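**Q** Got a predicted structure plus its sequence, pasted below:
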Amino acid sequence: MEQIVIHVDMDAFFASVEIRDNPALRGKPLIIGSLPGERGVVATCSYEARKYGVHSAMNIKEAYRRCPQGIYMHPNIDKYKAVSGQLHEIWNAYASAAETVALDEAYLDVTQQARDLEGARRIAMTIKQRTRDEIGLTCSVGVAYSKTAAKTASEEKKPDGYFEIPTPKDFVDLMIDRDVRSLYTVGEMTAEKLYAWGIRTVRDIQEKQDTVIRLLGKQGQWITKLAFGIDERKVTPYRPQDAKSIGREVTFQEDVDNFGLLKDVLVLLSLCVERRAKRYGLYGNGVTLKLTYYDMKSITRSRITSPCDCAAVIWQEAVKLLDHVEKRPVRLVGVSIYNLSGEEGRQITLEDYFTDARQRRDEEVKRMLEALQDRYRLDFAGHLDQIYQMDTLHKTVEYMRKHI
Ligand SMILES: [Mg+2]
């Protein structure tokens, strides 16, 4: 095998840590997140709670409706972070590169250490054993030739699972008759679009490649590759110090002197920044606004902020900066977050998980988008997940410029 990737994913992580520390919770539907009566969502729940249809990110009200007999608890983030540190020590011991996805999840490149499938299997079993013995928790592990296949494999036998997908052919054999949503990165919105064209399974994607690519552009190309088991991405250890900033900018076809339009465009750019920051689990500790005027003079203005990865906050800070610059015609506008830190570098507050702060911010972003739709007669419902692609972003911004 050219590349051997392990994907490790802890089973119901927050809930499992609580059960480990309080065996009286074992066998009960345990829901970590908000408490009933508060606003907020489920962070994680035990497998017993899942039987009632409760899942992560579900509104707590809905969770309570489905499972009133559940035990509800606020998360104990500091404890989970400490456990995550121990897990990473185990994982790092067997990989030449480890890419952290979340506190409880990582890709490991074990190509050198494992040499072959047999070796990878031994490493996977050792990781599972050590996680159980030293930390008292179970995990699911997938071994495969690619990141996507490894992630798919770790999902396959959850909880306490182990599964191998050695070749692209094995991947295709496994997935071919499954729903398109079973392909990594295909979400609800993308699936709806594919369904509308009668594309329901991975086989349909294979057979209607042209339609998929026409419908979804770059994302369609990626999905089509996945449908054939192709994913050449490398395991890249993320080190926050490697990245200086995360930003997005657009150049207008014609100079813009309407600063209201700039503010609106910054909503979309902030969303793009948020998306990338979240993908890498990064937070900015400052926001930068960049403008290039019609005469090619560029300026940047920055503000230090508390750690942020949220579009609403990024946008607010950018707009404050925009209010204080010279009002001359603009040809380029950009926003970025800088002074990045990773999950470990940031104090995760309980607020993140169980108060309504996160939900409030999401609602704020939704309101901002609705305002944009009204103002420009846009309809994001169909293509919001494509706005992150450069060409769609450009087209949308140009459309806004012409329809203000
Ligand atoms: Mg997990």
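**A** That came through fine.
**Q** shaky segments in the stretch 251-400 of the chain?
**A** Within the stretch 251-400 of the chain, the stretches with pLDDT under 70 are 342-358, 381-383.
**Q** Which parts of it are helices?
**A** For the stretch 251-400 of the chain, applying DSSP state H, counting those that start in this stretch gives helices covering 259-280, 311-322, 350-354, 357-376, 390-402.
**Q** How about the stretch 51-200 of the chain?
**A** 60-66, 77-92, 111-114, 117-130, 147-156, 168-175, 188-196.
**Q** If you count neighbours, what's buried in the fifth one?
**A** When neighbours are counted by 16 or more other C-beta atoms under 10 Å, the buried residues of helix 147-156 are found to be 147-155. Placement of C-beta: from N, CA and C, glycine included.
**Q** Output those residues in JSON lines, with pLDDT appended to each entry.
**A** Formatted as JSON lines, these follow (pLDDT from 0 to 100):
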{"residue": "Lys147", "pLDDT": "96"}
{"residue": "Thr148", "pLDDT": "95"}
{"residue": "Ala149", "pLDDT": "98"}
{"residue": "Ala150", "pLDDT": "98"}
{"residue": "Lys151", "pLDDT": "96"}
{"residue": "Thr152", "pLDDT": "97"}
{"residue": "Ala153", "pLDDT": "98"}
{"residue": "Ser154", "pLDDT": "98"}
{"residue": "Glu155", "pLDDT": "96"}
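**Q** From the ion, how far off is the residue nearest the centre of the chain?
**A** What sits nearest the mean C-alpha location of the chain, by C-alpha atoms, centre = their mean, is Arg279, with 4.3 Å. Here the criterion is C-beta to the ion, to the nearest Å. By it, Arg279 lies 17 Å from the ion.
**Q** same check, this time on Ala82
**A** For Ala82 relative to the ion (C-beta to the ion), the value is 17 Å.
**Q** Can you tell me which of the buried residues of helix 147-156 lies closest to the ion?
**A** Ser154 (9.0 Å; C-beta to the ion).
**Q** Would you mind measuring from the closest residue in space to the closest one that isn't next to it in sequence to the ion?
**A** Nearest residue to Ser154, sequence neighbours excluded (C-beta to C-beta, 6 or more residues apart in numbering): Gly142, at 3.4 Å. The gap separating Gly142 from the ion is 12 Å, by C-beta to the ion.
**Q** Ok, His324 next?
**A** 44 Å.
**Q** Contact partners for the closest residue to that residue other than its chain neighbours?
**A** Nearest residue to His324 in three dimensions, chain neighbours excluded: Arg301, at 7.1 Å (C-beta to C-beta, 6+ apart). Contacts for Arg301 (C-beta atoms under 8 Å, 6 or more residues apart in numbering) come out as 288-289, 321, 324-325.
**Q** now do 7 Å
**A** 289, 321, 325 (C-beta atoms under 7 Å, 6 or more residues apart in numbering).
**Q** who's it bridged to?
**A** Beta-bridge partners recorded for Arg301 (DSSP bridges): Leu289.
**Q** Please work out how many residues are found near Asp374.
**A** 9 (other C-beta atoms under 10 Å).
**Q** which one is the residue sitting furthest away from the middle of the chain nearest to, not counting chain neighbours?
**A** The centre of the chain is farthest from one residue, Asp295, which by C-alpha atoms, centre = their mean lies 38.7 Å away. Distance criterion C-beta to C-beta, 6+ apart; nearest residue to Asp295, sequence neighbours excluded, is Arg328 at 8.0 Å.
**Q** Straight-line length of stretch 65-77, end to end?
**A** In terms of C-alpha to C-alpha, to the nearest Å, the two terminal residues of stretch 65-77 are separated by 26 Å.
**Q** Could I get the average pLDDT for it?
**A** For stretch 65-77, mean pLDDT is 94.
**Q** just how off-centre is it within its chain?
**A** 24 Å (C-alpha atoms, centre = their mean, to the nearest Å).
**Q** I'd assumed Thr251 was in contact with Gly334.
**A** No: Gly334 is not in contact with Thr251 according to C-beta atoms under 7 Å; the separation is 9.2 Å.
**Q** who has more neighbours, the two?
**A** Gly334 (21 against 12).
**Q** what about the closest residue to Asn92 other than its chain neighbours, how many residues close to it?
**A** Leaving aside its sequence neighbours, Asn92 sits nearest to Ala98 (C-beta to C-beta, 6+ apart; 5.4 Å). Residues lying near Ala98 (other C-beta under 10 Å) number 21.
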